[in-house]
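> predicted coordinates and the sequence they were generated for:
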Amino acid sequence: MNLPTKNLKLISVTSGVLLIFVTSAPAVSMATTTRESAFCTNLPSDSTKITARLSSLEAKVTSARTDRDQQITANRAKWDAEIKANRANWDQERQDDFTKMESKATTSDQKTAVKTYESTILAAVATRRQAFDSVRDTFRSGVDAALASRRSTLDSQITSFNGSVNSAISTAQASCASTPSSGPTIRTSFQASLKTARLTFQSERKDDDKIGDIVKQLAYARTASFKTADATFENTAKAARDVLKAAFKNTNI
């Protein structure tokens, strides 16, 4: 059961949301003024706007994560229900086949062969299902771990970015308090600090692991394990059928 592509697209929302601020925030505080003291005069209100936008965008990141988690949980529940229903249908069809074979068994050897075949197939089915369930759990745990790791990394990057922005604000406020007439100079330093914070954040994001690539690797491993379990089952079933056919000789079974 692959993680839907639309889920993978949702995973990238955190970067995009934050970069909206990163690229646009400076414009809020950097308006050129003809009066030296205007920057310092406007700094408290501009700083409040910046921090408010940061808080709002972080809330959107949290909301996006919640939506994604709910969708993943819903999809898994849907897949599990489908698997359960399919298994129930297969069990009924298999039992119907067993009943037909039992009706064709007339000798004690044939009846014994049928019972042996049935027990062998049921054991093989149980083994394959356990393998499939284990592989599926491993895949899901891998996806969850990848998501958790990426969240942790992004949270650290956001914290670092916020710290840099808040430090730039504090430095500008202190400078304005000590030399309120140096607005243009303070503003230039403020702009440079925000730009550095933005570029650092963007650089860190580029180096992050791509969640889509990780999920693909997990899916490949899952598919390979499914194929192995299927091959083991088919080999066991074929051997059991050969023994059963031998017991019935030329009779169609």
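Structure's in. What do you need?

> after the host helix or strand of T73 comes which helix or strand?
Following DSSP states H and E, one finds T73 within helix 38-104. Scanning forward in sequence from helix 38-104 by DSSP H and E, the next helix or strand is helix 108-178.

> K227 and Y220, how far apart?
11 Å (C-beta to C-beta, to the nearest Å). In this view, the C-beta of every residue, glycine as well, is placed from N, C-alpha and C.

> overlap in contacts of these two?
With C-beta atoms under 8 Å, 6 or more residues apart in numbering applied, the contact sets of K227 and Y220 do not overlap.

> now do the helix holding T73: which elements does it pack against?
In terms of contacts (3 or more C-beta pairs under 8 Å, 6 or more residues apart in numbering; DSSP states H and E), helix 38-104 is packed against helix 5-11, helix 13-29, helix 108-178, helix 183-206.

> between those, which gets nearest to L244?
helix 108-178 (4.4 Å; C-beta to C-beta).

> same for that closest one, what does it pack against?
Against helix 108-178 (3+ C-beta pairs under 8 Å, 6+ apart) you get helix 13-29, helix 38-104, helix 183-206, helix 211-248.

> roughly how far is it from the heart of the chain?
7 Å (C-alpha atoms, centre = their mean, to the nearest Å).

> relative to helix 211-248, how tilted is that helix?
In terms of direction (axes from the mean of the first three to the mean of the last three C-alpha atoms, to 10 degrees), helix 108-178 departs from helix 211-248 by 170 degrees.

> and helix 108-178 with helix 38-104, angle?
180 degrees.

> any stretches of the stretch 151-253 of the chain with poor pLDDT?
The model of the stretch 151-253 of the chain has pLDDT under 70 over residues 250.
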